[in-house]
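1. Starting from these lines, generate the structure:
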Amino acid sequence: MPATDLAPRKRPKNRKAQIALVAAELFCERGYHLVGIDEIAAAVGISGPAVYRHFPNKYAILVHATRELVTAALDAAREVPGDDPAEVLDAQLAALARFTVERRKVGALYQWEWRYLAEEHRTEFRADLATLDGRLVAPLRRLRPELSAGGAEFLVRAALSTFGSLTTHRAAAPKARAEATLHRLGWAMLRADAPPAAAIRSARGAAHLAAHAAEPPAHGLESRRELLLAAAIRLFHRLGYHAVGMEDIGAAAGINASSVYRYFPSKGDLLAAAYYRASDRLAASTATALRGATGPGDAVRRLVAAYVGFAFGESDLVSVYLAENNNLPEPDRHELRKVQRLHVEEWVRLLTQARPDLPATDARVLVHAAINLVTDLGRAVRFTGTGGVPAAVARLALVALHTFPES
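-> You can find the predicted model right below:
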């Protein structure tokens with residue numbers, strides 16, 4: 001046997017980063033609570049105890065992985081020296097597009113899994129994201145001095161939402177083409193019209209009102225089943241499925257815990273009920289919107305308007321619908337994922353009819369960008385008025401759908 005075969009194997013210097021990256025991919029694929037230390041170790045090719053040499057527990061891995069992701073994003077959007085704000089923004093968008101494509105498998109840490117962080121780490125995460133926004137807002141306001149601070153932030157969030165959309169699906173997207181498409185989408189958002197500053201302030205104020213309006217009435221006429229479902233949706237959205245117990249749901253609905261099981265045999269049944277409700281309401285609003293459409297272009301506009309109304313009017317339900325797939329009972333999970341895919345394909349079908357020049361693969365990327373833009377901003381502002389922010393979001397979604405990928 002060669003002497004080299006007897007030499008001890010050296011531990012890689014980047015083992016901690018390797019563990020965090022593999023864990024992040026598993027968290028994003030299956031959900032934080034469904035992944036164990038032994039699975040992470042096996043994917044890295046080490047033993048479970050070896051993981052504990054680097055991290056005291058799974059939560060520490062989540063914190064480290066989230067910090068790594070945000071640090072990399074901040075580095076991609078670092079302030080570029082130069083007097084031309086257009087050149088600065090172009091360099092930042094190109095770097096962020098490349099970062100997004102490279103980190104596609106771990107982007108759900110930004111989208112959903114960060115909900116499982118403790119409040120101190122959530123606060124840290126929000127502060128870092130505000131810094132990220134600010135690095136693009138500053139040159140954007142130099143480029144477009146007519147924008148208010150709120151308007152510039154709104155457009156930057158829209159751009160970042162279109163970038164983040166690539167991490168929400170598995171549709172084929174060759175790296176170079178995906179980078180080019182995201183780069184163009186980012187510029188399309190930053191060049192678009194922002195809602196008036198007054199509308200943005202109204203939207204933020206409405207978030208407080210909407211949150212309180214969502215609390216179940218103490219003496220309403222709703223059935224107990226409806227009260228339980230509404231409470232479950234609200235808690236699943238705010239805390240994540242695994243952080244909520246049946247007792248919590250009963251207490252939030254004002255119903256004795258032992259009575260909850262008369263209406264829903266398990267927490268999984270409650271989650272499935274929320275999904276079927278979302279699917280039914282989305283299908284109904286889509287059918288209503290498309291009825292009477294005069295052509296593919298008109299159909300796309302109607303589809304966008306209907307989705308904006310749905311996402312802004314029922315933001316908690318939409319967030320649960322998009323975030324908790326992995327926690328559904330298996331038969332429901334397969335059925336509902338099929339329904340979600342069919343909804344996206346309806347957008348793709350109509351968009352390619354309206355734009356015959358657009359390949360279906362590119363259309364799918366743009367559709368996901370538009371949908372993610374709407375749901376991201378819908379969660380951020382929770383504004384249910386008929387004008388202002390929702391109208392601006394609908395316009396941005398149409399801009400995204402009509403962005404021309406690089407030929």
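
2. now the stretch 51-200 of the chain, which segments are flagged as low pLDDT?
-> Residues of the stretch 51-200 of the chain that meet the criterion pLDDT under 70 lie in 198, 200.

3. Also the stretch 201-350 of the chain?
-> For the stretch 201-350 of the chain, the stretches with pLDDT under 70 are 201-222.

4. Apply 50 and report the result again.
-> Along the stretch 201-350 of the chain, the model assigns pLDDT under 50 to residues 202-221.

5. in it, which spans are helices?
-> Along the stretch 201-350 of the chain, the stretches classed as helices by DSSP state H, counting those that start in this stretch are 224-239, 246-253, 257-263, 267-290, 296-313, 315-323, 330-354.

6. And the helix or strand where Val101 lies, what does it pack against?
-> Following DSSP states H and E, one finds Val101 within helix 85-102. If contacts are counted by 3 or more C-beta pairs under 8 Å, 6 or more residues apart in numbering; DSSP states H and E, helix 85-102 sits against helix 58-76, helix 119-143, helix 149-164, helix 175-190. Every residue, glycine included, has its C-beta placed from N, CA and C.

7. quick revisit: mean neighbour count, the helices of the stretch 201-350 of the chain: which tops it?
-> helix 315-323 (a mean of 22; mean count of other C-beta atoms under 10 Å).

8. Taking their axis directions, that one and helix 267-290 sit at what angle?
-> For helix 315-323 against helix 267-290, the angle between stretch directions is 110 degrees (axes from the mean of the first three to the mean of the last three C-alpha atoms, to 10 degrees).

9. got a list of contacts for helix 315-323?
-> Counting by C-beta atoms under 8 Å, 6 or more residues apart in numbering, helix 315-323 makes contact with 111-112, 168, 210, 214, 233-234, 236-238, 240, 271, 274-275, 277-279, 281, 310-311, 375, 378-379, 382, all of which sit outside it.

10. how far away is the residue positioned nearest the centre of the chain from Gln353?
-> Nearest to the centroid of the C-alpha atoms of the chain, with distances taken as C-alpha atoms, centre = their mean, sits Gln111, at 3.9 Å. Taking C-beta to C-beta, to the nearest Å as the criterion, Gln111 is separated from Gln353 by 30 Å.

11. ok so, going back, looking at the helices of the stretch 201-350 of the chain, which is nearest to Glu39?
-> Distances from Glu39 to each of these were compared by C-beta to C-beta, and the smallest falls on helix 330-354, at 18.4 Å.

12. sorry, back to before: quick one: name whatever helix or strand follows the helix holding Val101.
-> For helix 85-102, the following helix or strand on the C-terminal side (DSSP H and E) is helix 108-111.

13. Appreciated, that's everything.
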